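**Student:** model the structure of this input:
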Amino acid sequence: MKKIAIIHTSEESKNIARLILSQTHAQKDEAEIISRSSVGKRWKDFDGFVFIGAMGICVRTIAPYIKDKHEDPAVVCIDSMGLNVISVLSGHVGGANDLARDLAAMIGAREVITTQSDIAGLWALDTLAERFNWAIASDDDMNECIYAFVNRKPTALLMEVRDEGTDYLEKTLPPHVTVVNSLEEVDPQQFSLVILVTPYNRSVPYGMLELHFVPIIAALGFGLASHPDDYEVIYDQIDEAMSQMGVLPCYKHYCTIDVKKDEEFCAMLVDDLGEELVFYTAEQLAKVDVPNPSKTVEKHVGTPSVCEAAAILGSNNGKLIVPKVKGKNWTAALAIDYKYLRERKGHIEIVGAGPGDPDLVSVRGRRMLEQADLILYAGSLVPKALTDCHKPGAVVRSSADMALEEQCALMKKHYDRGHFIVRLHTGDPCIFGAIQEQMAFFDANGMDYHITPGISSFLAAAAELQSQFTIPERCQTIILTRGEGRTPMPEREQLHLLAKSRSTMCIFLSAAIVDDVQRELLMEYPADTPVAACYHLTWPDQKIYRGVLKDLAKIVHDNRLTLTTMLVVGEAIDNRSGLSELYSKYFTHLFRQGEA
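**Tutor:** From the prediction side, this is the model:
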């Protein structure tokens, strides 16, 4: 949460100060209007200072208190007319640039940012560590590295992991940066700066500037002798042992067996050092295959491995980077989740494509599509345009003409090559997504997978119909279902039974049996209940036909609507009239209760 001080220096600027104060409180940030004379006394109390008035007044006020960008708060100046928001001090590290952007958007002003990397559209090197949870291992002066980088000196980039930060670097790679696979490719005659993103200790060629980011991605598993007297030095000893193995401190969390919960070393990790500590039972640890099992350890704690097994479990069954190393009263091992490794094993991401418009896939889903080595999309339901963002060399296949066995075999083939696979399903995969059989196959073959949700077509229907599917005191339930065709429905979920509630009903995959659907719905809904037949929602050829329930089958037949049609039934469709008084009463109640 940001804590902002606002200083207005004239009568004209008071209204701007009040607007910022109210908007900041609405965003759950802390803000306070203070006097100019109190800035010095309260310099350490705030994350940012916002001056509203002349730049000269701002600069003269803060000048006595400025130290360096790692200590100083963000300072922004807004002219008294509210036309320009200027980042003055601590642009990157202190966050003044971001604060200027936020305030400019808030009051409708122009942001003025003079930091060279921002103007040039280059990476803000001094913010990457905090932004992506990286440590910095290099000794070279950050300002020297930034100077070389923003002046577009040839730069080599070595990335030995894959995470959000490296995805960002790859996606926004400037022309003067060359990605290399090893430092052997770095010629000091060709490059001035080397940027590394790796947990490994690497030696950069002599005479070159080095900026080394260490991603915090590993699980450190450890075992302890009972109540070691030297527990205060074990922390440093483990770091030293890992360093000798060529690995820098990159531990996301520490992991061990639960019988060690009361050890002083564990208390020190959490209470004094603020580390995250995860415990596993002997039963959990015993199930993990490790390279160095110990009968002695098994005899004492019930599992043949503590440190290696704990590291593997803590890394989501990842790769053991450092096998068991032994100290005087401790053992340790290091593992990294495969998702962070560039030589990682295969992974399958089941992605919800949304209703059809490529702009309606989630940001995460789009990122998955851009990274995939194989995109297998449901071609009869998902527009191919959604796959146009694929990277060069990716395999893009429609599954429309493939049996389930063929689909699984293709994914397994790519998985075994260590490829990243996207299985692209329409809407959200959990709604008639046919992913259950695929997940059973993945589970049976020990394949790693994850699901990225998507926007369902029923949400697109509400948007395109400009309708709210829930109306206070009228309809508070939305039913997502299908009619009974070749796939039987459970008896308790027959349409005429679901229709008893007269809720808003969104019926998938049922245009071909619309006569049966209409007959069952008319058993409970009035014949004049509004309906909509929505074909290819959000696709370029989208068509929506409105009517009433008694004409639903005729609408579908007359317009030759097909499988990719959603049928929507309920009084919520286009319902505007007669609700003003109801909404007024409803929202008045919410405001009185402090809920809106």
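
**Student:** contacts and neighbour counts: CA atoms only from here.
**Tutor:** OK.

**Student:** who touches the most centrally placed residue in the chain in this structure?
**Tutor:** The residue lying closest to the centre of the chain (CA atoms, centre = their mean) is Arg364, at 6.5 Å. By CA atoms under 8 Å, 6 or more residues apart in numbering, Arg364 lies in contact with Thr452.

**Student:** for stretch 67-74, what is the distance to the chain centroid?
**Tutor:** Between the centre of stretch 67-74 and the centre of its chain there are 29 Å (CA atoms, centre = their mean, to the nearest Å).

**Student:** please apply the same query to stretch 162-172.
**Tutor:** 13 Å.

**Student:** now do the buried residues in that stretch.
**Tutor:** For stretch 162-172, the neighbour count (16 or more other CA atoms under 10 Å) marks 162-163, 165-166, 169 as buried.

**Student:** for the residues you listed, which one is nearest Asp528?
**Tutor:** Asp163 (54.7 Å; CA to CA).

**Student:** so the spatially closest residue to that closest one that is not a sequence neighbour versus Ile216, what's the distance?
**Tutor:** Distance criterion CA to CA, 6 or more residues apart in numbering; nearest residue to Asp163, sequence neighbours excluded, is Tyr340 at 5.8 Å. For Tyr340, the distance to Ile216 equals 10 Å [CA to CA, to the nearest Å].

**Student:** ok so Gln189 is a strand residue?
**Tutor:** No. Looking at Gln189 with DSSP: H, G, I helix; E, B strand; the rest coil, it is coil, so not inside a strand.

**Student:** element containing Asp102?
**Tutor:** Taking DSSP states H and E as the criterion, Asp102 maps to helix 96-107.

**Student:** by contact count, what packs against that helix?
**Tutor:** If contacts are counted by 3 or more CA pairs under 8 Å, 6 or more residues apart in numbering; DSSP states H and E, helix 96-107 sits against helix 14-26, strand 74-78, strand 84-89, strand 110-112.

**Student:** apply 7 Å and report the result again.
**Tutor:** When contacts are defined as 3 or more CA pairs under 7 Å, 6 or more residues apart in numbering; DSSP states H and E, helix 96-107 sits against strand 74-78, strand 84-89, strand 110-112.

**Student:** direction included, what does the shortest one pair against?
**Tutor:** Sheet pairing of strand 110-112 (DSSP bridges) gives strand 84-89 (parallel).

**Student:** tell me where the model's unsure across this protein.
**Tutor:** Confidence mapping of the chain against pLDDT under 70 gives the ranges 1, 26-28, 116-120, 344, 576-596.

**Student:** on that earlier part again, just the buried residues of stretch 162-172: which are in helices?
**Tutor:** Among those, the ones falling in helices (DSSP state H) are 165-166, 169.

**Student:** now render those as a markdown table, adding distance to Asp541.
**Tutor:** Formatted as a markdown table, those follow (distance: CA to CA, whole Å):
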| residue | distance to Asp541 |
| --- | --- |
| Gly165 | 38 |
| Thr166 | 38 |
| Leu169 | 37 |
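
**Student:** now do the same contact list for Phe458.
**Tutor:** The neighbours of Phe458, taking CA atoms under 7 Å, 6 or more residues apart in numbering as the test, are Cys506.

**Student:** that's all I had, so thanks and see you.
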